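*Asks:* this is a predicted model, with the sequence first.
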Amino acid sequence: MAVDRYVVLSDLSGGSSPKSFDEWFDAHVAEFLAIPGIVAAQSYELEPSVVDPAAPTTYRVAAIFEIERRPLDLPAWWEGARLASWVAAPIGECVTTDGSGSSARRQIVFSDPGPGVTDESLDTWYAAHVHEILSIPGFTAARRYRLEPRVVDHRAPIPQRRLAVYEVDRAPEELRAEMERLDLLSAGSYERLKEDPGDPGPPLPKWWPQVRFASWDLIPRGPRTEAVAAGSGPGRI
């Protein structure tokens, strides 16, 4: 069955210890697997990759839930949680470099070109840009999503129109070194890359000066968890 994603970013608040927060977060992920429509989950440590100066990076952990393509009935307390979350619907097919198996590591990239830019313009440019990213050693697959905000964190707003999820098979520091070598690590280096008349990638769109990106490397905190029959608890795979 085709699935959407439910993406949740969270951080430590209050005066709680990291250990206490992590214990709660792991139990919370298992709790969500009891909600009808959620079929699997994976939790991650977040390591900033590209930081948007307009969006402070205050998040430390993430969970990506796989949901059946149906309305998601969230618990009543969810709107009051100190989190940021989105329902993410796939755009197109997963793009891979070599057809190899799925990697447990991910890099996620939020993007929004700002008001006045059509979804068609953004998606046309990004469909070509994905192949630039997949040319970086360590990036093995990518899939893009349309985002529908569910819980907005006003302490740290970040772009909320599109999400790209990349599968990677190298450590974050290796990925950043390769991105820097290829001038794909920051908006400034990417602009310099586009000044080369021999660059094979897509040209900079007119809306580039106002575009916003924020990205994190996702490091698995444990195995992927699947929902199982009611009453028997979550299972590990």
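*Replies:* Received, thanks.
*Asks:* tell me the phi and psi of the residue of the chain most remote from its centre?
*Replies:* Here the centre of the chain is the reference, and by C-alpha atoms, centre = their mean the most remote residue is residue 197, at 31.7 Å. For residue 197, the backbone dihedrals (degrees, to the nearest 10) come out as phi -60, psi -20.
*Asks:* renumber starting at 4 from here on
*Replies:* Happy to do that; since the first residue is 4 now, the last one works out to residue 200.
*Asks:* for it, give me the pLDDT.
*Replies:* At residue 200, the model reports a pLDDT of 89.
*Asks:* ok, and for stretch 184-199, which residues are buried?
*Replies:* Neighbour counts over stretch 184-199 (16 or more other C-beta atoms under 10 Å) mark 185, 186, 187, 188, 193 as buried. To be clear about C-beta, it is placed using only N, CA and C from the backbone, and glycine gets the same treatment.
*Asks:* give the closest residue to residue 120 in space, chain neighbours not counted.
*Replies:* The spatially closest residue to residue 120, leaving aside those adjacent along the chain, is residue 210, at 4.6 Å (C-beta to C-beta, 6 or more residues apart in numbering).
*Asks:* repeat for residue 197
*Replies:* Leaving aside its sequence neighbours, residue 197 sits nearest to residue 207 (C-beta to C-beta, 6+ apart; 5.0 Å).
*Asks:* distance of the one you found relative to residue 187?
*Replies:* Counting by C-beta to C-beta, to the nearest Å, the gap between residue 207 and residue 187 amounts to 13 Å.
*Asks:* one more: residue 28?
*Replies:* Using C-beta to C-beta, we find residue 28 at a distance of 32 Å from residue 187.
*Asks:* next: residue 211.
*Replies:* Noted for residue 211: a distance of 14 Å to residue 187, by C-beta to C-beta.
*Asks:* ditto for residue 205
*Replies:* Distance from residue 205 to residue 187, counting by C-beta to C-beta: 13 Å.
*Asks:* so where is this protein shaky, pLDDT-wise?
*Replies:* In the prediction, the chain carries residues with pLDDT under 70 at positions 4-6, 15-21, 54-61, 72-74, 78-85, 102-106, 160, 232-240.
*Asks:* quick one: the helices in it, in order.
*Replies:* Here the chain has its helices, by DSSP state H, at 21-35, 122-137, 175-184, 190-197.
*Asks:* turn these into JSON lines, including distance to residue 116.
*Replies:* Shown next, in JSON lines, are the helices of the chain (distance: least, C-beta to C-beta, whole Å):
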{"stretch": "helix 21-35", "distance to residue 116": "32"}
{"stretch": "helix 122-137", "distance to residue 116": "5"}
{"stretch": "helix 175-184", "distance to residue 116": "21"}
{"stretch": "helix 190-197", "distance to residue 116": "12"}
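*Asks:* which of these sits closest to residue 63?
*Replies:* Residue 63 lies closest to helix 21-35 among those, at 8.0 Å (C-beta to C-beta).
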